[in-house]
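Enquirer: Starting from these lines, generate the structure:
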Amino acid sequence: MSTNNTASNVKSIFDASIKAKQEANDKLNADITAAIEVMASALKNSNKILSCGNGGSRSEERRVGKECRSRWSPYH
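Expert: Numbering: from 1, shown residues only. Take a look at the predicted model:
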């Protein structure tokens with residue numbers, strides 16, 4: 001494989017990733033913002049946010065839950 005071909009392939013991968021993120025931002029930004037506002041309101045009113053998962057989604061849920069607790073907890 002030539003260096004030019006490899007560089008072109010790498011650029012194509014990055015371009016596709018950038019495009020996917022831009023499209024996701026365009027389609028999901030309002031919904032994600034609304035969800036964040038609902039969760040923030042719940043926490044400000046001393047409510048809980050419950051999450052769950054099974055298998056791989058359970059691992060993801062635990063990671064996201066831990067991220068939320070570490071970033072937004074007043075005790076950290």
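Enquirer: so who does the spatially most central residue of the chain touch?
Expert: With distances taken as CA atoms, centre = their mean, the residue of the chain nearest its centroid is residue 64 (8.4 Å). Taking CB atoms under 8 Å, 6 or more residues apart in numbering, we find residue 64 in contact with residue 51. For every residue, glycine as well, the C-beta is placed using N, CA and C.
Enquirer: Quick check: it vs residue 16, distance?
Expert: For residue 64, the distance to residue 16 (CB to CB, to the nearest Å) stands at 25 Å.
Enquirer: How many residues are close by residue 51?
Expert: 13 (other CB atoms under 10 Å).
Enquirer: got a pLDDT number for it?
Expert: On the pLDDT scale, residue 51 is placed at 81.
Enquirer: these two touch, right, it and residue 65?
Expert: Yes - counting by CB atoms under 8 Å, residue 51 touches residue 65, with 5.7 Å between them.
Enquirer: burial measure for residue 61, as a count.
Expert: 14.
Enquirer: for residue 47, that is, sorry about that
Expert: If you count neighbours by other CB under 10 Å, residue 47 ends up with 10.
Enquirer: per-residue confidence for residue 74?
Expert: pLDDT at residue 74 comes out at 64.
Enquirer: continuing past the one helix or strand residue 43 maps to, what's the next helix or strand?
Expert: Here residue 43 sits within helix 3-44, counting by DSSP states H and E. Next helix or strand after helix 3-44 toward the C-terminus (DSSP H and E): helix 56-72.
Enquirer: Convert that next one to PDB, retaining C-alpha atoms only.
Expert: Extracted in PDB, the C-alpha atoms of helix 56-72 (Å, rounded to 0.1, in the frame of the first residue of the first chain):
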ATOM      1  CA  GLY A  56     -23.300  -4.300  27.300                       C
ATOM      2  CA  SER A  57     -25.900  -1.600  27.800                       C
ATOM      3  CA  ARG A  58     -25.500  -2.200  31.600                       C
ATOM      4  CA  SER A  59     -21.800  -1.500  31.300                       C
ATOM      5  CA  GLU A  60     -22.500   1.700  29.400                       C
ATOM      6  CA  GLU A  61     -25.200   2.700  31.900                       C
ATOM      7  CA  ARG A  62     -22.700   2.300  34.800                       C
ATOM      8  CA  ARG A  63     -20.100   4.300  32.900                       C
ATOM      9  CA  VAL A  64     -22.500   7.200  32.200                       C
ATOM     10  CA  GLY A  65     -23.900   7.100  35.700                       C
ATOM     11  CA  LYS A  66     -20.400   7.300  37.200                       C
ATOM     12  CA  GLU A  67     -19.500  10.100  34.800                       C
ATOM     13  CA  CYS A  68     -22.600  12.100  35.900                       C
ATOM     14  CA  ARG A  69     -21.900  11.500  39.600                       C
ATOM     15  CA  SER A  70     -18.300  12.600  39.300                       C
ATOM     16  CA  ARG A  71     -18.900  15.700  37.200                       C
ATOM     17  CA  TRP A  72     -22.000  17.100  38.900                       C
END
